[in-house]
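**Student:** this one's structure only:
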């Protein structure tokens, strides 16, 4: 039995701080449980000594309760919470919800008190939700253990979608919207301050829960990245779609690091990468989250692919849906020859295309709509999802009945296809279709977005098989990489290609090095105190001869002395000048929650402006490196863009893999790595500049 099971399936519940006033925070949970008809035992606890609270026998202390109690809801002022929790431990309570606020979210004293609560729970083997929690719901047990006023006007029904959220108000708004739409819920929990139970563990529980087929979650922050990753992967392995939202734009430790990589690694970018790697879809709104979850709950599966077919009685709606689908990365393959021939015979005046506009004549053909859909699904049909825009025919149930029956038959004949009907309809019509696995949406754009989100999840889960990078051990020895020269030495040993270059301590040495390399060359100032050399004019490119080399050496020293007078200078780096190729940036961001994250983007000064970069959790295999490259829009420049050359993306992918392994091995000492530019050539690739930040 999962450790969180007692939270949702109690047999005896104590309400510590219960109030006779059903409108107060201490009174609402008891009222909701009574109104819902919760079958377990309820024990109101209030130190006032009242004999009865809301019609139930009341007790001054939990120790006075005659029988066992496996679940407690604490709603007393802050000073009384610790004592109440100790009573729960002494009573053998298995699960506790602390609804009271005023702990770590307030100040240091509150955080210290919250830590004591956790210690009490750990010693007693008791699980705690909160503090500062809005409560939880299990509609299958009529267990509505919350003080949310949303239950004043609605009661969530039992269903197959689970919801875990940190924010109680966000959670109640979400299950309120779901209930008004007729969407059923299996379990709902608001974790509050997450002193013990967090959203990640709730996802882990829902991945096991037999009643839950789809999981919705909302995070404000994550304290344990490994646990969240494991929970999401567990849900994916269980075949349960996860639709998740990340609320808030900041994260713990979000201050920009010394590297470009650190400044580019915003909260959203890292969370996006982790969610995608674990097969979860990140929704941008509650509406989108519920639409996708409901679609998955109705169909019972994810779309087979990202190819869609559209049948429409309105050319404009068909174009709108096609535009929406294209923007979301969906494909609209042309009709196969057998389908096109069948449609020409069925509707001679319609153009056999995708979207397929049936025109008004479809109404004059017996069973025109279902026969059209059947033609589009003839053998060889590529469509993982098929849309049918039927306007408002669902508002006439009697006239629609025969079409409705045929739609259900079509779905049963093609259970591997996602069938979505877009129309206005009466509730009874919608319910019959959706009970048979046919999704119904009133809005065409929302229908397309829901299918696109579900199809993306299916693709992400297929890509999870790419996660083949071998586990790596760590190196405990500290890193010494104060300068570009030292950084490149370490990276070269790790498998990152670098140029044959030399750090020189005199103009004569620089000239000799340049003569040996052959002109033109590049000269750079070398200093641990100047991490970004271009900011002080510390780079001179295109040095053509010995005289220019000697002059460049002196110029760099003079600029450093003028613009960074306190900087320690180790000399001037002389390197061959690389011609051609495409500049990229690769790096490592040491995320405080998720650990080392590999970054890739196209290089140059605009990288921080456009932020066209992507991240992946380290380590990655070369195959994962290729996927990371492909996820950056500008990577098209590497692959023969508009007749241009094909560059060596395999060398780039291998460099990303080597860099990720280096980061994992040295994770305890790194704060970031910047390789910018990393030039990808037609054959091979090479690091031109590198910065390793350590602590």
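**Tutor:** Yep, that arrived. These numbers come from a predicted model, not from an experiment.
**Student:** CA only for contacts and neighbour counts going forward, please
**Tutor:** Will do.
**Student:** so where's the stretch 101-250 of the chain uncertain?
**Tutor:** Low-confidence segments of the stretch 101-250 of the chain (pLDDT under 70): 249-250.
**Student:** ok, which stretches of it are strands?
**Tutor:** 127-129, 135-138, 143-146, 158-165, 185-190, 214-219, 242-246 (DSSP state E, counting those that start in this stretch).
**Student:** tell me which strands and helices the last one is in contact with?
**Tutor:** What it means is strand 242-246. strand 214-219, helix 225-237, strand 281-282, helix 286-299 (3 or more Cα pairs under 8 Å, 6 or more residues apart in numbering; DSSP states H and E).
**Student:** Give the bridge partners for residue 422, please.
**Tutor:** In this entry, residue 422 is beta-bridged to residue 389, residue 441, by DSSP bridges.
**Student:** ok, now how distant is it from residue 152?
**Tutor:** From residue 422 over to residue 152 the distance is 33 Å, taken as Cα to Cα, to the nearest Å.
**Student:** the more surrounded of these two?
**Tutor:** The residue with more neighbours, out of residue 422 and residue 152, is residue 422; 24 against 12, by other Cα atoms under 10 Å.
**Student:** Am I right that the more buried one is in contact with residue 443?
**Tutor:** Yes. With contact defined as Cα atoms under 8 Å, residue 422 reaches residue 443; the gap is 6.7 Å.
**Student:** And residue 573, how close does it get to residue 321?
**Tutor:** Distance from residue 573 to residue 321, counting by Cα to Cα: 57 Å.
**Student:** Indicate which one of the helices and strands packed on strand 242-246 is closest to residue 191.
**Tutor:** Closest approach to residue 191 among the helices and strands packed on strand 242-246 (Cα to Cα): strand 214-219, 9.9 Å.
**Student:** Enumerate every residue touching the residue nearest in space to the middle of the chain.
**Tutor:** Geometric centre of the chain, nearest residue: residue 275, 3.1 Å, by Cα atoms, centre = their mean. Contacts for residue 275 (Cα atoms under 8 Å, 6 or more residues apart in numbering) come out as 229, 232, 281, 282.
**Student:** of those, closest to residue 244?
**Tutor:** Comparing the contacts of residue 275 against residue 244 with Cα to Cα places residue 282 closest, at 4.9 Å.
**Student:** now the closest one, nearest residue through space, not along the chain?
**Tutor:** Nearest residue to residue 282 in three dimensions, chain neighbours excluded: residue 244, at 4.9 Å (Cα to Cα, 6 or more residues apart in numbering).
**Student:** ok, now which ones touch that neighbour?
**Tutor:** 216, 217, 218, 219, 280, 281, 282, 283, 289.
**Student:** Kindly report the same for residue 438.
**Tutor:** 298, 299, 407, 408, 411, 418, 419, 420, 421.
**Student:** That one and residue 488, how far apart?
**Tutor:** Counting by Cα to Cα - residue 438 and residue 488 are separated by 58 Å.
**Student:** and if you look at residue 661?
**Tutor:** Residue 661 is 16 Å from residue 488, by Cα to Cα.
**Student:** Can you get me a residue count around the nearest residue to residue 174 once chain neighbours are set aside?
**Tutor:** Leaving aside its chain neighbours, residue 174 sits nearest to residue 286 (6.6 Å; criterion: Cα to Cα, 6+ apart). Look at residue 286: counted by other Cα under 10 Å, it has 19 neighbours.
**Student:** Quick one, grab the pLDDT at residue 286.
**Tutor:** The per-residue pLDDT reported for residue 286 equals 96.
**Student:** ok, the nearest residue to residue 284 once chain neighbours are set aside - contacts?
**Tutor:** Leaving aside its chain neighbours, residue 284 sits nearest to residue 245 (6.7 Å; criterion: Cα to Cα, 6+ apart). The neighbours of residue 245, taking Cα under 8 Å, 6+ apart as the test, are 217, 218, 219, 282, 283, 284, 285, 289.
**Student:** can you do 7 Å?
**Tutor:** 217, 218, 219, 282, 283, 284 (Cα atoms under 7 Å, 6 or more residues apart in numbering).
**Student:** try residue 475
**Tutor:** Here residue 475 is in contact with 665, 666 (criterion: Cα under 7 Å, 6+ apart).
**Student:** Quick check: the gap between it and residue 662.
**Tutor:** Counting by Cα to Cα, the gap from residue 475 to residue 662 is 9 Å.
**Student:** What segments of the stretch 251-400 of the chain are strands?
**Tutor:** Counting by DSSP E, counting those that start in this stretch, the strands of the stretch 251-400 of the chain are 281-282, 308-312, 356-357, 385-389.
**Student:** I'd like those strands as CSV, with mean neighbour count, mean pLDDT and distance to residue 373 appended.
**Tutor:** Converted to CSV, these look like this (neighbours: other Cα atoms under 10 Å; pLDDT from 0 to 100; distance: least, Cα to Cα, whole Å):
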stretch, mean neighbour count, mean pLDDT, distance to residue 373
strand 281-282, 24, 97, 29
strand 308-312, 25, 97, 7
strand 356-357, 24, 96, 10
strand 385-389, 24, 98, 8
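**Student:** right, so of those, which gets closest to residue 20?
**Tutor:** For the strands of the stretch 251-400 of the chain, the distance to residue 20 is smallest for strand 281-282, at 42.4 Å, taking Cα to Cα.
**Student:** Neighbouring strands - and their directions - for that closest one?
**Tutor:** Short version: by DSSP bridges, strand 281-282 pairs with strand 242-246 (parallel).
**Student:** Going by neighbour count, list what's buried in the helix or strand hosting residue 13.
**Tutor:** Element membership for residue 13 (DSSP states H and E) is strand 12-16. By neighbour count on 16 or more other Cα atoms under 10 Å, the buried set for strand 12-16 is 12, 13, 14, 15, 16.
**Student:** Stretch 422-434 too?
**Tutor:** 422, 423, 424, 425, 429, 430, 431, 433, 434.
**Student:** Any figure for the gap between the first one and residue 310?
**Tutor:** Yep, that's residue 422 we're talking about. Separation of residue 422 from residue 310 (Cα to Cα) stands at 10 Å.
**Student:** Which residues are in contact with each of those two?
**Tutor:** Listed as contacting both residue 422 and residue 310 by Cα under 7 Å, 6+ apart are residue 388.
**Student:** model confidence over the host helix or strand of residue 657, on average?
**Tutor:** Per DSSP H and E, residue 657 falls inside helix 649-665. Across helix 649-665, pLDDT averages out at 97.
**Student:** try stretch 398-416
**Tutor:** 97.
**Student:** Would you indicate which residues of it are buried?
**Tutor:** Neighbour count says stretch 398-416 has 403, 404, 406, 407, 408, 410, 411 buried, by 16+ other Cα under 10 Å.
**Student:** Tabulate those (TSV), appending secondary structure.
**Tutor:** Output for the buried residues of stretch 398-416, formatted as TSV (DSSP: H, G, I helix; E, B strand; the rest coil):
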residue	secondary structure
403	helix
404	helix
406	helix
407	helix
408	helix
410	helix
411	helix
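**Student:** Quick check: of the contacts of residue 244, which lies closest to residue 464?
**Tutor:** Among those, residue 280 lies closest to residue 464 (Cα to Cα), at 10.8 Å.
**Student:** how big is the angle separating the helix ranked longest in the chain from helix 286-299?
**Tutor:** For the chain, the helix with the greatest residue count under DSSP state H is helix 444-463. Going by axes from the mean of the first three to the mean of the last three Cα atoms, to 10 degrees, helix 444-463 is angled at 70 degrees with respect to helix 286-299.
**Student:** I'd like to know which elements helix 444-463 is packed against.
**Tutor:** Packed against helix 444-463 by the contact rule (3 or more Cα pairs under 7 Å, 6 or more residues apart in numbering; DSSP states H and E) you find helix 286-299, helix 315-327.
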